[in-house]
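Student: next comes the sequence, and after it the predicted model I'd like to discuss.
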Amino acid sequence: MRYKCSMKFNNLKGIIRISCMIINSYIIIDLYVILYLAYQVLSKQVI
C-alpha cells in the first residue's frame, strides 16, 4: 500500500502513533501500580 500521502495525513499518523505510545506507557504504569498495591495487601495479610 504505497500512496502519496499529504502532510496532514502524515502528521495525523504521527499523532496517532505518539498517542498510542503514551497510552501503552500509561497501561504499563497502571500494571505496576496494581502489582504494588496487590503486594502491599498480600504482605499485610501474611503478617
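Tutor: Nice, thanks for sending it over. Fair warning: this is a prediction, and the values are worked out from it, not measured in the lab.
Student: where's D30, which helix or strand?
Tutor: Taking DSSP states H and E as the criterion, D30 maps to helix 7-46.
Student: let me see the mean pLDDT of that helix.
Tutor: Averaged over helix 7-46, pLDDT sits at 85.
Student: look up how far Q40 lies from V46.
Tutor: Going from V46 to Q40 by CB to CB, to the nearest Å gives 11 Å. In this view, the C-beta of every residue, glycine as well, is placed from N, C-alpha and C.
Student: follow-up on the earlier one: pull the distance from the helix holding D30 to the chain's centre.
Tutor: 3 Å (CA atoms, centre = their mean, to the nearest Å).
Student: what's the answer for stretch 36-47, then?
Tutor: Taking mean C-alpha positions (CA atoms, centre = their mean), stretch 36-47 and its chain are 26 Å apart.
Student: which one's more surrounded, V46 and Q40?
Tutor: Q40 (10 against 6; other CB atoms under 10 Å).
Student: contact partners for that one?
Tutor: The contact partners of Q40, taken as CB atoms under 8 Å, 6 or more residues apart in numbering, number zero.
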